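Student: what's the 3D shape of this:
(chains A, B, C and D)
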Protein chains: 2
Amino acid sequence: MKSNFNDKQIQILEVAETLFAEKGFDGTSIRNIAKVAKINIAMVSYYFGSKERLLESLIVYRTSDLKNQLESLLQEDLEPIDKINKLIELYINRINSNRGIYRILHFEFTSKKREQNLQAFSELKKGNLKSLETIIEEGQKKGIFRKDVIIPLIAPTILGTFFHFHMNKPFFENLLNLKTEDLYNNYIKTNLTKHIQQTIKALLIYES
Amino acid sequence: MKSNFNDKQIQILEVAETLFAEKGFDGTSIRNIAKVAKINIAMVSYYFGSKERLLESLIVYRTSDLKNQLESLLQEDLEPIDKINKLIELYINRINSNRGIYRILHFEFTSKKREQNLQAFSELKKGNLKSLETIIEEGQKKGIFRKDVIIPLIAPTILGTFFHFHMNKPFFENLLNLKTEDLYNNYIKTNLTKHIQQTIKALLIYES
DNA sequence: AACAAAACTAAACAAGTGTTTAATTTAAAC
DNA sequence: GTTTAAATTAAACACTTGTTTAGTTTTGTT
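Tutor: Numbers count the residues shown, from 1 in each chain, chains lettered A, B, ... in the order given. Below you'll find the predicted structure:
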């Protein structure tokens, strides 16, 4: 898919992403963005119309291809539990390498202030949930997964665990001795991902 | 413990809590707080020194007695798994009835901006983690809990699941048909709490 | 080279920000 | 009732905010 944004716009979007993620939408000024991106402050209005619409553009720019990735996973010939594991890995990997935008989504679109722009984001979430549901029901039909789980609450467990870990980054860096960015990323890729997979597997398979 | 704040200060703190939770720290102005609390804008500086220190006071005001609650739970004569369940219930209940401040903590103390004030909050988290650790190790010694779990990652699973659910409130209200505030709260108290307890139990007990 | 559209700029705009000041009112102590 | 301290106020402070304006420069087309 060809992007609708030109080089200059992308440059602005990526600076905005970094700053919004670091300091929040309200905590970031247009002058702030302009300075880092080395552009004139009028360029944001010129290219995006307003600060608010810059945020909208940023979300479009970053969330456009997740849907496809999920759908191709569904088609793969794998056992349900392996599909779940792969889905978790895909999610964590993706969110972790697009921390900025997901942090922004997490922060900005939960407050009452920006409820309007919520619709497109809500559709994305519904689609993702549907994918998870398909896999779990497949496993339930095969008799592998237990049936008394609340599927819509599994997504919060997967994503919430990651987010809560990542939102408390300084705390866990200190606690787990993850001094460098590499160590931190590696811990997410191995231990945290494994923990989430282990948790969901236990939940789906354990018989009380 | 007697509170260090007088009636007027508490009035300001509670208005600030609501507004910070709704619109974020940066999204809330002192004039905004003053208007809702029906006080003069100079009173915030007069009583708290600055907007930043108002936030600090708010956190002290709201997190002072959690520690005691946890410690008395540790002393109770219960099976490890029941202690875990009670801890989860205590947490969810507490956070759910103090949504405002926990949302603020979640939002404001993760960005790089406010790393200084982080220390007191970090101590609180470390204490909480210690409590969880004590209970789990007790269960491991008794041979009830498996030993290959990463304890520091269990807290993110408990809290993260709740937060992710709550931060996407409009989405889940719609998805699960929780039209009234009562229905929403009830869902948290029963289904969400149960889901988290079920998840952690499965993780701790399930043998692969 | 001449023209037109797009890209870019510095400056100004009105409105909002947190904080301080100096004055006034209220309350407490004697 | 007078004095002293605390509480409260309106106004001003200096600064930052998002956006617009009226130009200038650059780019592409003929």
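Student: Next, count neighbours for residue A:81.
Tutor: 18 (other Cβ atoms under 10 Å in any protein chain shown). Glycine gets a C-beta too; all of them are placed from N, C-alpha and C.
Student: From DNA strand C, how far off is it?
Tutor: Distance, residue A:81 to DNA strand C, by Cβ to the nearest atom of the strand, to the nearest Å: 51 Å.
Student: Is the worst-scoring helix or strand of chain A on mean pLDDT in proximity to DNA strand D?
Tutor: Using mean pLDDT, DSSP states H and E, helix A:99-108 stands out as the lowest-scoring helix or strand of chain A, at a mean of 81. No - shown here: helix A:99-108 not in contact with DNA strand D (Cβ under 7 Å from any atom of the strand), separated by at least 13.1 Å.
Student: Which residues does that helix contact?
Tutor: For helix A:99-108, contacts defined as Cβ atoms under 8 Å, 6 or more residues apart in numbering or on different chains pick out A:17-18, A:20-21, A:24-25, A:55, A:58-59, A:62-63, A:95, A:114, A:121, A:163, A:166-167, B:24, B:107, B:167.
Student: Which members of the residues you listed occur in strands, if any?
Tutor: If you go by DSSP state E, the contacts of helix A:99-108 have nothing in strands.
Student: which non-adjacent residue is nearest residue A:166?
Tutor: residue A:99 (6.9 Å; Cβ to Cβ, 6 or more residues apart in numbering or on different chains).
Student: State the number of residues packed around the one you found.
Tutor: Residue A:99 has 14 nearby residues by other Cβ under 10 Å.
Student: could you measure it against chain B, distance?
Tutor: Distance check for residue A:99 against chain B: by Cβ to the nearest Cβ, to the nearest Å, it reads 12 Å.
Student: what's the longest helix in chain A?
Tutor: Longest helix of chain A, by residue count under DSSP state H: helix A:118-141.
Student: For chain A, what lies in contact range of DNA strand C?
Tutor: A:6, A:8, A:39-43, A:46.
Student: Check the gap between residue A:78 and residue A:87 for me.
Tutor: 10 Å (Cβ to Cβ, to the nearest Å).
Student: out of the two, which sits in the more crowded spot?
Tutor: More crowded of residue A:78 and residue A:87, by other Cβ under 10 Å: residue A:87, with 21 against 14.
Student: For the more buried one, which three-state class applies?
Tutor: helix (DSSP: H, G, I helix; E, B strand; the rest coil).
Student: Quick one: residues contacting it.
Tutor: Applying Cβ under 8 Å, 6+ apart to residue A:87 gives the contacts A:70, A:73, A:131-132, A:135.
Student: Just the buried ones among the residues you listed, please.
Tutor: A:70, A:73, A:131-132, A:135 (16 or more other Cβ atoms under 10 Å in any protein chain shown).
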